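[1] give the three-dimensional model of this entry:
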Amino acid sequence: MTQLYDLVVVGGGPAGMAAALRAKECGVNSIIILERAPSLGGILEQCIHTGFGLHYFNEELSGPEYAARFSLPVESSGITVKTDTMVINISSDNIVTAVNKTDGLLDISAKAIILAMGCRERPRGALNIAGTRVAGVMTAGTAQEYVNIRGYMPGKEIVILGSGDIGLIMARRMTLEGANVKMVCELMPYSGGLTRNIVQCLEDFDIPLKLSCTVIEVHGKERVEGVTIAKVDRNRRPIKGTEEYVPCDTLMLSVGLIPENELSNSMGIEIDPVTGGPVVTESRETTQKGVFACGNVLHVHDLVDYVTVESRLAGEGAANYILGNTTEPAFVTTKGIDGVRYVIPHKINLNYDDDIKLFFRVGQVYKNAKVFLESNDEILLSRRRPKLTPGEMEDITIKKELLEQLSVKSELVVRVEV
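    Numbers count the residues shown, from 1 in each chain. You can find the predicted model right below:
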């Protein structure tokens, strides 16, 4: 028998919970969250370090504390929650098919759906590193679960490939647990993590960060015995003669995150090739009517605080759709050029009754740069930024008064100039 709900939220991490709570605040009463893990909270449950909530709550929280700020209200709100539940399909008419041990196979008919499946780590298989398939090669997130949740030490002599935030945080965590983190190697000429994590996790512990450097071979029979690293050129190819053998028993990978969009792809939702997430409007509605997306399934965020802000927009957008409070669409599109890799949202309804915040990322490090917002070769506004890095998401706010000056089908362009 098909169950009926106004709103189905796929994913019970910080994005899904914030979106569901906002939809509830806006007047939607029939809401269900489907989460494949045994509990709500998502990846935050294993992030026991502090640094969360500084922007949204104006206080420093650990991952579990931040998650509890949403899971506790969800539990007392009357929102239905099904954990240990995997969504396996969403049809074109918004029928969600899921499976769990208790209900078996269940179909849920929804007026609106919010996709909040998060992201996954890029594995070793995507890197084509030469060498044997020995024990001791793992993603930084897997190592984090071993240490923080299960109480296991993944290794004692560690090399980390990739300077994403999880890798930086695990460099500090493993050091505090008594391991010797020999180095962090980064393929690019800049770090992919937040500046504060570079300082607090590497510099404060004298852990070397080797830029334009990668692992080209893993050595060992049963367990990792060492890795060979090498410098890379502008084309990211190893430079002969720069090889160096580093003895270690563990290689941790922090080489990027991939939005979990298998469901989105199977539904035929348009995907942005740069972000790996759906193309969305200012209310985070995808190209399938009544389906919204938020959080890391849309684009990879550096701060969970931004996930919360964005997810509340998706929750409000879904609520307006369900309650029939939508306005006639009159879209302009957005685009990033001259150093701007992508802009979110991809489309903006000129009839939206509020200011719009555009989120974007740059493709390289810029110092003393200017960010321009243009339309039809006319500069609408500009902002001076002392530093822009690929590891930190940027934003620029468009006032409603400025939106009203734009014409339908025009294009908003964000670019960087040094």
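[2] in which helix or strand would I find Arg196?
    Following DSSP states H and E, one finds Arg196 within helix 195-197.
[3] and for Leu4?
    Here Leu4 is covered by strand 3-10, with elements defined by DSSP H and E.
[4] now that strand, how far from the chain's geometric center?
    When distances are taken as CA atoms, centre = their mean, to the nearest Å, strand 3-10 is centred 24 Å away from the chain's centroid.
[5] export it to PDB, keeping only CA atoms.
    Output of strand 3-10 as PDB, limited to C-alpha atoms (Å, rounded to 0.1, in the frame of the first residue of the first chain):
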ATOM      1  CA  GLN A   3       1.800   5.800   2.000                       C
ATOM      2  CA  LEU A   4       0.900   9.500   1.500                       C
ATOM      3  CA  TYR A   5       3.000  12.400   2.700                       C
ATOM      4  CA  ASP A   6       3.200  16.000   1.700                       C
ATOM      5  CA  LEU A   7       6.900  16.100   1.900                       C
ATOM      6  CA  VAL A   8       9.600  13.400   1.800                       C
ATOM      7  CA  VAL A   9      13.100  14.300   2.800                       C
ATOM      8  CA  VAL A  10      15.800  11.900   1.500                       C
END
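[6] elements contacting that strand?
    helix 14-25, strand 31-34, strand 104-115, helix 304-323 (3 or more CB pairs under 8 Å, 6 or more residues apart in numbering; DSSP states H and E). For the C-beta atoms, the positions are set from N, CA and C on the backbone; glycine is no exception.
[7] please name whichever of the ones you listed is nearest to Arg172.
    Arg172 lies closest, by CB to CB, to one member of the helices and strands packed on strand 3-10: helix 304-323, at 18.2 Å.
[8] counting contacts, what elements does the very next helix or strand once past the closest one pack onto?
    Following helix 304-323 in sequence order, the next helix or strand is strand 331-337 (DSSP H and E). Secondary-structure packing of strand 331-337 (3+ CB pairs under 8 Å, 6+ apart): strand 340-344, strand 347-349, strand 411-417.
[9] please save the CA atoms from strand 331-337 in CSV.
    In CSV, the C-alpha atoms belonging to strand 331-337 read as follows (Å, rounded to 0.1, in the frame of the first residue of the first chain):
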residue,chain,number,x,y,z
PHE,A,331,14.0,33.5,-14.6
VAL,A,332,17.4,34.9,-15.1
THR,A,333,20.4,32.6,-15.3
THR,A,334,23.8,32.8,-13.5
LYS,A,335,27.2,32.0,-14.7
GLY,A,336,30.8,32.1,-13.4
ILE,A,337,33.7,33.2,-15.7
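[10] and it, what's buried?
    Across strand 331-337, burial judged by 16 or more other CB atoms under 10 Å covers 331-332, 334, 336.
[11] report the two of the residues you listed separated the most.
    Top of the distance list for these (CB to CB): Phe331 and Gly336, 17.3 Å.
[12] ok, now how distant is Lys101 from Thr83?
    Distance, Lys101 to Thr83, using CB to CB, to the nearest Å: 11 Å.
[13] those two: who's more crowded?
    Thr83 (14 against 7; other CB atoms under 10 Å).
[14] gap between the more buried one and Pro14?
    15 Å.
[15] any weak-confidence spans in this structure?
    Of all residues in the chain, none has pLDDT under 70.
[16] 80 instead, please
    Applying pLDDT under 80 to the chain flags residues 1, 125-128.
[17] report how many residues lie close to Leu44.
    By other CB under 10 Å, 24 other residues sit near Leu44.
[18] any chance of the backbone angles for it?
    Leu44 adopts backbone torsions of phi -60, psi -20, taken as degrees, to the nearest 10.
[19] pretty sure Thr397 contacts Phe359?
    No: under the criterion of CB atoms under 8 Å, Thr397 makes no contact with Phe359, lying 10.5 Å away.
[20] ok, these two, which is more surrounded?
    Under the criterion of other CB under 10 Å, the comparison of Thr397 against Phe359 puts Phe359 first, with 19 against 12.
[21] helix/strand/coil for that one?
    strand (DSSP: H, G, I helix; E, B strand; the rest coil).
[22] contacts only, for it.
    299, 306, 310, 343-344, 393-395 (CB atoms under 8 Å, 6 or more residues apart in numbering).
[23] for the residues you listed, give me JSON lines that also has distance to Lys221 and neighbour count.
    Shown next, in JSON lines, are the contacts of Phe359 (distance: CB to CB, whole Å; neighbours: other CB atoms under 10 Å):
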{"residue": "His299", "distance to Lys221": "41", "neighbour count": "27"}
{"residue": "Tyr306", "distance to Lys221": "45", "neighbour count": "18"}
{"residue": "Glu310", "distance to Lys221": "47", "neighbour count": "26"}
{"residue": "Val343", "distance to Lys221": "49", "neighbour count": "24"}
{"residue": "Ile344", "distance to Lys221": "46", "neighbour count": "23"}
{"residue": "Met393", "distance to Lys221": "43", "neighbour count": "18"}
{"residue": "Glu394", "distance to Lys221": "47", "neighbour count": "17"}
{"residue": "Asp395", "distance to Lys221": "50", "neighbour count": "13"}
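[24] and of those residues, the nearest to Asp206?
    Distance to Asp206 across the contacts of Phe359 (CB to CB) is lowest for Met393, with 28.7 Å.
[25] buried residues, the helix holding Arg196. List them.
    Residues Asn197 are the ones in helix 195-197 that count as buried (16+ other CB under 10 Å).
[26] now what about it, what contacts it?
    With CB under 8 Å, 6+ apart as the criterion, helix 195-197 contacts 51, 165, 168-169, 389, 391-392.
[27] out of the residues you listed, which are inside helices?
    165, 168-169 (DSSP state H).
[28] of these - the most surrounded one?
    Within the ones in helices among the contacts of helix 195-197, neighbour counts (other CB under 10 Å) peak at Leu168, which reaches 29 neighbours.
[29] what's the spacing between that one and His301?
    In terms of CB to CB, Leu168 sits 16 Å off from His301.
[30] wasn't Asp204 part of a helix?
    Yes: assessed by three-state DSSP, Asp204 belongs to a helix.
[31] quick check: Asp272 vs Ala37, distance?
    27 Å.
[32] just give the number of residues close to the nearest residue to Val134 once chain neighbours are set aside.
    Nearest residue to Val134 in three dimensions, chain neighbours excluded: Gly220, at 4.1 Å (CB to CB, 6 or more residues apart in numbering). Residues lying near Gly220 (other CB under 10 Å) number 19.
[33] now the terminal residues of stretch 235-249, how far apart.
    In stretch 235-249, first residue to last residue: 29 Å (CA to CA, to the nearest Å).
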